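> Build me a model:
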Amino acid sequence: YQTKGVSMSRSSEVMNDDVDGEEDAAKRQMAKLLAERKAIDEEMKEVQAILDEHERVRKEKSQREREEKERQCKAEEAVRKAAESAQEQQRRAAEVAHKEALRTAR
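From the prediction side, this is the model:
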């Protein structure tokens, strides 16, 4: 009867060792997974920083293009107004010259 108890006791120890071994393996696996997760999180941060930088550069380029287009439109408008003003001055000068010619002809 006692040998049976010793045998049962050893069997329990083996089972406990198996359980402890599984627990240790699970803890090692969890630590490994957490380390991998941390590495992935860091890599994701790096990739996000690159994406954010590309987005910032794209927005800056777009802003510069808008500002350049705006300057170009203003310059074209200034040229158009200057041309209209010059035409108006020529028309007035021609009108004055015509009136002067009529006055001289009398």
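> make it CA atoms for all contacts and neighbour counts henceforth
OK.
> packing partners for the host helix or strand of R92?
R92 is part of helix 2-105 when elements are defined by DSSP states H and E. Other helices and strands packing on helix 2-105, by 3 or more CA pairs under 8 Å, 6 or more residues apart in numbering; DSSP states H and E, are absent; none qualifies.
> let's have the chain start at 55 instead
With the count now opening at 55, the last piece we talked about shows up as helix 56-159.
> can you tell me which residue is nearest the centre of the chain?
Here the mean C-alpha position of the chain is nearest to the C-alpha of E109 (CA atoms, centre = their mean), at a distance of 2.4 Å.
> and the gap between that one and A155?
Distance of E109 to A155, computed by CA to CA, to the nearest Å: 68 Å.
> Would you mind checking the average pLDDT for stretch 81-92?
Model confidence over stretch 81-92, given as mean pLDDT, is 98.
> gap between it and the chain center?
Remark: stretch 81-92 is offset 31 Å from the chain centroid, using CA atoms, centre = their mean, to the nearest Å.
> Output that stretch as PDB, nothing but the C-alphas.
Extracted as PDB, the C-alpha positions of stretch 81-92 are listed here (Å, rounded to 0.1, in the frame of the first residue of the first chain):
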ATOM      1  CA  LYS A  81       5.800  32.800 -19.700                       C
ATOM      2  CA  ARG A  82       8.800  32.600 -22.100                       C
ATOM      3  CA  GLN A  83       6.400  32.700 -25.100                       C
ATOM      4  CA  MET A  84       4.600  35.700 -23.600                       C
ATOM      5  CA  ALA A  85       7.900  37.500 -23.000                       C
ATOM      6  CA  LYS A  86       8.900  36.700 -26.600                       C
ATOM      7  CA  LEU A  87       5.600  38.000 -28.000                       C
ATOM      8  CA  LEU A  88       5.700  41.100 -25.900                       C
ATOM      9  CA  ALA A  89       9.300  41.800 -27.200                       C
ATOM     10  CA  GLU A  90       8.100  41.300 -30.800                       C
ATOM     11  CA  ARG A  91       5.100  43.500 -30.100                       C
ATOM     12  CA  LYS A  92       7.400  46.300 -28.800                       C
END
